[in-house]
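In: Sequence plus the predicted model coming up.
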Amino acid sequence: MDDRSLRIPSDDEIAAINAQHLIETPLKPADLLFVFGTRGEVAERVDAAVRLWRDGLARWSIVSGGITPGDDRSECEIIKAAMVVRGMPAERILEEHRAQNTGENVIFSLPVIDAALGLANISSVICLGNSWTARRYPMTLHRHWPEVEKMLVTVDSFAVSRARWHTVPEFRRRVLSEWDKIEPYLARGFIAEWPAA
């Protein structure tokens, strides 16, 4: 079995990934914080969501993620409960409990957002997720909801700076696995180019 995510990237590939994939965006107050579900590193995701809310960067949030093997609670239920324990008002956190992947996070969340807030009333969204998935979150959102301005916040628990991802085998595997999805996903229409060139 050839697992390309186990390769050692060249200096050029590292530079391309740092410049194009592991991007950071300037932050300003957004209408909505979109918290993409996760099975691991929940604490880091919750910390970032609560910090963004306390800093006044998001008035509303949606947490999206379904049930995963080994738990009878959805990712949404687990993450939202932790956000509420940390002080976020439950009534300000919308819920989506079915998604099993990033595309479904967006597809299943849009009707929830529309019913609660009205999609036309949302002009900006902060995407929050894993550092290694990086720009694929806003690229997925852009495919299905191009009208809104997108910002990106990513988190992880690796003890190295983001730019040194390639020096830690598991971090390197995760980044390369996600980076390798970009071109095929673009070709299949799962995501759209973002930010605009």
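Out: Received the coordinates, thanks. Numbering: from 1, shown residues only.
In: Which other helices and strands does the helix ranked longest in the chain contact?
Out: Using DSSP state H to define each element, the chain has its longest helix at helix 169-187. Helix 169-187 sits against helix 136-144, with contacts defined as 3 or more Cβ pairs under 8 Å, 6 or more residues apart in numbering; DSSP states H and E. C-beta: built from backbone N, CA, C; applies to glycine.
In: Mind checking the pLDDT average for the helix it packs on?
Out: The pLDDT scores in helix 136-144 average 97.
In: just how off-centre is the helix or strand that that helix is followed by within its chain?
Out: As assigned by DSSP states H and E, the chain's next helix or strand after helix 136-144 is strand 149-155. Here strand 149-155 is found 7 Å from its chain centre; the criterion is Cα atoms, centre = their mean, to the nearest Å.
In: what's the angle from strand 149-155 to helix 136-144?
Out: Angle of strand 149-155 versus helix 136-144, following axes from the mean of the first three to the mean of the last three Cα atoms, to 10 degrees, is 150 degrees.
In: Can you tell me the strand partners of strand 149-155 and which way each runs?
Out: Strand 149-155 has its sheet partners listed here by DSSP bridges as strand 124-130 (parallel).
In: tell me the helices in the protein, going along the chain?
Out: 11-16, 42-54, 75-85, 102-116, 136-144, 169-187.
In: tell me which residues of the longest helix of the chain are tucked away?
Out: Within helix 169-187, the residues scored as buried using 16 or more other Cβ atoms under 10 Å are 171-176, 178-179, 181-182, 185.
In: Nearest to R92 among those residues?
Out: R92 lies nearest to E178 out of the buried residues of helix 169-187, by Cβ to Cβ, at 29.7 Å.
In: In stretch 110-124, which of the residues would be classed as buried?
Out: So for stretch 110-124, counting by 16+ other Cβ under 10 Å, buried means 110, 113, 117, 122.
In: so how far is it off the chain centroid?
Out: The answer for stretch 110-124 is 18 Å, by Cα atoms, centre = their mean.
In: First-to-last residue distance for that stretch?
Out: 14 Å (Cα to Cα, to the nearest Å).
In: which residues touch it?
Out: Around stretch 110-124, the neighbours that count as contacts under Cβ atoms under 8 Å, 6 or more residues apart in numbering are 28-32, 60, 62, 94-96, 144-145, 147-151.
In: Show me how to select, in ChimeraX, the buried members of those.
Out: Selection of buried members from those for ChimeraX, criterion 16+ other Cβ under 10 Å:
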select :30,31,32,60,62,94,95,96,145,148,150,151
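In: you'd agree C127 is up against L152?
Out: Yes. In this structure, C127 is within contact of L152 by Cβ atoms under 8 Å, at 5.1 Å.
In: Please identify every residue contacting each of these two.
Out: 137-138.
In: In terms of neighbours, single out the busier of these two.
Out: C127 (29 against 25; other Cβ atoms under 10 Å).
In: State the distance from the more buried one to P138.
Out: 5 Å (Cβ to Cβ, to the nearest Å).
In: any shared contact partners between these two?
Out: Counting by Cβ under 8 Å, 6+ apart, the residues touching both C127 and P138 are 150-152.
In: Sounds good, over and out.
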